[in-house]
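Chemist: Sequence plus the predicted model coming up.
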Amino acid sequence: MNHLSGELVRRYARGDTEIPADQLWALETHLETCADCRKLLAENSDNLTELLAGVWANVQPDTEPAEHRRLSTWFATNALPWLGMTVLVAILATVLDMFAQVGPSLVLLLAPIAPVLGVAAAGARGLDPAYELISSTPRAGLYLVLRRTVSVLVVVIPVLVLAGLPGNVSPALWLLPCLAFSVGTLVLGGWLGMGRAAGGLAAVWALSVVGPSLVRDALPVVLQPVSLPFWGVVVVVGAVVLAVRADAYARLG
């Protein structure tokens with residue numbers, strides 16, 4: 001193997017800007033694979049130690065507590081406004097159920113799509129300012145998205161249960177549809193983006209189920225006990241698709 005000339009290495013170590021571009025490229029390429037020439041470079045770099053010390057002096061240490069870093073993998077702060085809006089909608093639906101008596105329970109009609117915006121915000125790349133940083137952790141990708149989705153459901157489901165108490169709305173009627181829409185948001189989000197997936201599903205549900213149910217003053221079939229096996233199948237199929245396409249949630253682009 002041909003090695004670099006001592007003179008060229010010394011010029012490079014001094015930061016000589018007169019080295020031709022083709023020689024500079026060849027020199028740096030050679031240094032990547034040749035330990036002997038790297039050693040020669042180190043011997044001719046009197047200011048290398050000072051340079052490294054200056055670089056390290058300007059590197060800011062990670063002073064964030066480990067507990068906070070772990071919390072960021074469970075909960076995305078950008079989901080807070082969406083969760084707050086979900087709680088307000090649940091409260092408003094409860095009030096209307098108690099006093100307005102507009103037909104089928106609004107809590108029951110809205111419960112299936114209640115978590116989708118929070119799920120979308122928890123997994124949306126563009127809405128999380130720390131997404132690139134969090135995505136570099138070993139538990140990024142689908143694992144991170146699922147953890148944050150669980151944190152959203154842990155908040156939303158108890159709120160919906162409490163909202164349904166005054167109207168005697170059984171969680172058994174909306175829990176599987178709620179999980180199905182959450183999984184559906186994640187599945188479609190892998191292709192369309194979380195925000196578009198959540199908005200599309202919410203719009204379809206509002207136009208095809210909520211609106212017609214209020215007009216007809218009747219509970220839709222998709223929220224009756226006979227539909228629960230269908231929702232169970234949707235959850236299982238969605239989980240399988242998520243597992244198959246897990247790599248799609250580990251990409252930054």
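Modeler: Yep, that arrived.
Chemist: Run a quick check on residue 167 versus residue 97, I expect a contact.
Modeler: Yes: counting by Cβ atoms under 8 Å, residue 167 does reach residue 97; the two are 4.3 Å apart. C-beta here means a position set from N, CA and C on the backbone, and glycine is covered the same way.
Chemist: Neighbour count: the two, which is higher?
Modeler: residue 97 (23 against 17; other Cβ atoms under 10 Å).
Chemist: count of residues packed around residue 178?
Modeler: There are 23 residues near residue 178, going by other Cβ under 10 Å.
Chemist: you'd agree it is up against residue 114?
Modeler: Yes: Residue 178 lies in contact with residue 114 (Cβ under 8 Å); the separation is 6.8 Å.
Chemist: got any residues that touch both of those two?
Modeler: 156, 160 (Cβ atoms under 8 Å, 6 or more residues apart in numbering).
Chemist: Any stretches of this structure with poor pLDDT?
Modeler: Along the chain, the parts satisfying pLDDT under 70 run over 1, 46-78, 101-102, 123-140, 250-253.
Chemist: Break down it into its helices, ranges please.
Modeler: For the chain, the helices defined by DSSP state H occupy 6-13, 21-33, 35-43, 48-57, 66-74, 80-95, 106-110, 116-123, 131-135, 142-164, 171-192, 194-205, 211-216, 228-244.
Chemist: Now distance to residue 222 too, for those helices, in a markdown table please.
Modeler: As requested, the helices of the chain are exported to a markdown table (distance: least, Cβ to Cβ, whole Å):
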| stretch | distance to residue 222 |
| --- | --- |
| helix 6-13 | 71 |
| helix 21-33 | 61 |
| helix 35-43 | 67 |
| helix 48-57 | 61 |
| helix 66-74 | 32 |
| helix 80-95 | 18 |
| helix 106-110 | 10 |
| helix 116-123 | 16 |
| helix 131-135 | 34 |
| helix 142-164 | 17 |
| helix 171-192 | 7 |
| helix 194-205 | 9 |
| helix 211-216 | 10 |
| helix 228-244 | 8 |
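Chemist: Of those helices, flag the one that's most buried.
Modeler: Ranked by mean neighbour count, the helices of the chain are led by helix 116-123 with a mean of 28 (mean count of other Cβ atoms under 10 Å).
Chemist: I'd like to know which elements it is packed against.
Modeler: helix 80-95, helix 142-164, helix 171-192, helix 194-205 (3 or more Cβ pairs under 8 Å, 6 or more residues apart in numbering; DSSP states H and E).
Chemist: With only the CA atoms kept, save that helix in PDB.
Modeler: Output in PDB follows, covering the C-alpha atoms of helix 116-123 (Å, rounded to 0.1, in the frame of the first residue of the first chain):
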ATOM      1  CA  VAL A 116     -58.000  10.000  17.100                       C
ATOM      2  CA  LEU A 117     -56.700  13.600  17.200                       C
ATOM      3  CA  GLY A 118     -54.600  12.800  20.300                       C
ATOM      4  CA  VAL A 119     -53.200   9.700  18.700                       C
ATOM      5  CA  ALA A 120     -52.400  11.700  15.500                       C
ATOM      6  CA  ALA A 121     -50.600  14.400  17.500                       C
ATOM      7  CA  ALA A 122     -48.700  11.800  19.500                       C
ATOM      8  CA  GLY A 123     -47.300  10.200  16.300                       C
END
